[in-house]
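In: model the structure of this input:
(one chain, ligands or ions: 1)
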Amino acid sequence: MKFNLFTRPLARRPLGWLSGLSAAFVVAVAVSAAPAPVPALKDVFKNDFYIGAALNESQFYETDQTEAALVKTHFSSISPENDLKWEQIHPTPGHFDFTDADRYVAFGESNKMFIIGHTLVWHSQTPSWVFEGENGQPLTREVLLARMHEHISTIVGRYRGRIKSWDVVNEVIDEDGSLRKTPWLRIIGEDYLVKAFQFAHEADPQAELYYNDYALENPGKRAGAITMIKKLRAAGVQLSGVGLQGHYKLQIPTPQEVDDTIMDFANLGLKVSFSELDVDMLPGARNSLNADVGTRMEAEKRLNPYPKELPLAEQQKLAARYADLFAVFLKHRGEIKRVTLWGVTDADSWLNDWPVVGRTSYPLLFDRAGKPKLAFMSVVAAAQKNPASALNRSSGTGTMASLADTSASNR
Ligand code: GLA
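Out: The predicted structure follows:
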């Protein structure tokens with residue numbers, strides 16, 4: 001069932017999420033009749049930061065035309081959900097498969113998008129052969145470094161000047177702030193991090209190079225990340241920024257924790273990007289910021305409470321949460337380079353299958369039919385509250401009025 005916020009009498013509408021909207025907008029909503037397009041997110045945030053989405057193949061091959069159109073309309077940056085991960089682009093020794101990655105980059109270029117490379121060195125979605133020696137022998141540091149070098153120089157070199165920003169290392173800090181105990185650390189030693197950045201910098205000296213992770217809003221993990229960053233810099237590493245994945249829940253982290261996290265990294269002179277934003281609405285499965293893809297839980301009915309649609313009250317909570325988050329992002333528009341949603345519509349989200357397989361999740365700004373949700377409107381409203389916003393510099397209420405004709409959906 002579709003819920004159209006604007007077909008019900010104003011007095012009976014739940015207006016909590018509208019609190020951020022101006023009186024002019026509400027009037028415009030009430031009087032507007034003619035259908036008009038919704039504002040494009042990339043225009044709404046054009047004075048602030050890139051607004052991005054992680055893409056799957058159906059979007060950048062444009063086999064899903066609805067979603068491809070949404071991407072082109074709304075997003076100024078793209079990330080590859082899976083196609084540049086080691087297991088896909090370099091599945092067997094000496095064999096690279098660039099078919100999908102080439103198409104991803106071409107899609108971004110033809111639509112003038114800021115193209116992200118994700119990710120070069122990670123412990124997950126990396127084939128086991130990478131860490132194995134010949135004939136069951138343990139792998140030496142030298143051989144793994146050579147494999148890492150071949151991987152990074154081949155891929156970064158191929159897209160030199162085209163992929164503008166790389167997540168060089170992903171999820172390398174543990175919850176307690178120590179270096180994560182990965183095969184990279186065990187086999188090469190701590191300087192694998194320095195080497196990864198050096199190899200990437202050599203392959204494309206102009207590319208931005210990022211460290212990307214989840215749960216950096218937790219002070220202990222963040223302190224460990226800051227220690228690591230200082231060591232990398234002391235070793236001469238060209239680190240451009242930190243990617244905060246932003247796999248959030250409704251209540252955690254708090255806006256203040258997000259704010260503190262941005263400032264702690266910005267104070268080191270780093271750019272900050274929200275690299276994988278989503279808000280998990282589903283109950284119980286995890287109450288921490290853990291976003292380790294290896295975490296798995298048994299399916300239970302109570303963990304999938306909205307198999308058909310998200311009730312309006314939940315929809316409003318999601319909208320309020322996104323408004324709060326974007327208020328922080330906009331406050332720090334000078335520090336934030338990019339805000340990327342991890343997926344385009346709710347149908348695409350990894351949270352339909354993580355950490356419980358087969359749930360129906362609602363973490364993004366567009367519903368399963370590609371319609372903007374209340375959460376979409378609330379981020380636009382957050383931008384409108386910002387005096388420097390592009391919305392406040394263009395022609396009057398026209399853009400916002402067009403929102404009135406959008407069918408806000410709670411599917
Ligand atoms: C991590 C990775 C992403 C993606 C998400 C979940 O955050 O960095 O590439 O795998 O998990 O989909």
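
In: who in the stretch 301-411 of the chain is up against the ligand?
Out: residue 350 (Cβ under 6 Å from any ligand atom). C-beta coordinates here come from the backbone N, C-alpha and C atoms, glycine included.

In: repeat that with 8 Å
Out: 342, 350, 354 (Cβ under 8 Å from any ligand atom).

In: residue in the chain nearest to the ligand?
Out: Nearest residue of the chain to the ligand: residue 350, at 3.4 Å (Cβ to the nearest ligand atom).

In: and that residue, what does it touch?
Out: Counting by Cβ atoms under 8 Å, 6 or more residues apart in numbering, residue 350 touches 81, 293, 342-343.

In: now residue 96
Out: Contacts of residue 96 were listed using Cβ under 8 Å, 6+ apart, and they are 89-90, 154-155.

In: go again with 10 Å.
Out: 89-90, 150-151, 154-155, 158 (Cβ atoms under 10 Å, 6 or more residues apart in numbering).

In: between those residues, identify the one with the most neighbours.
Out: residue 155 (24 neighbours; other Cβ atoms under 10 Å).

In: return the backbone torsion pair for that one.
Out: Backbone geometry at residue 155, expressed as degrees, to the nearest 10, gives phi -80, psi -50.

In: how near is it to residue 96?
Out: 7 Å (Cβ to Cβ, to the nearest Å).

In: shared neighbours, these two?
Out: With Cβ under 10 Å, 6+ apart, residue 155 and residue 96 have common neighbours 89-90.

In: so where do the strands sit in this protein?
Out: For the chain, the strands defined by DSSP state E occupy 50-55, 77-80, 114-121, 165-170, 208-213, 241-244, 247-249, 271-280, 336-341.

In: what's the closest of these to residue 176?
Out: Across the strands of the chain, residue 176 has its closest neighbour in strand 208-213 (13.5 Å, Cβ to Cβ).

In: now do the closest one, average pLDDT.
Out: The average pLDDT within strand 208-213 is 98.

In: one more: stretch 250-263?
Out: pLDDT averaged over stretch 250-263 gives 97.

In: hmm, it in reach of the ligand?
Out: No: counting by Cβ under 8 Å from any ligand atom, the ligand is not contacted by stretch 250-263; separation bottoms out at 15.5 Å.

In: tell me the buried residues in that stretch?
Out: 253, 255, 257-262 (16 or more other Cβ atoms under 10 Å).

In: helices and strands around the longest helix seen in the chain, which ones?
Out: Using DSSP state H to define each element, the chain has its longest helix at helix 312-331. Helix 312-331 is packed against strand 247-249, helix 255-266, strand 271-280, strand 336-341, helix 374-384, with contacts defined by 3 or more Cβ pairs under 10 Å, 6 or more residues apart in numbering; DSSP states H and E.
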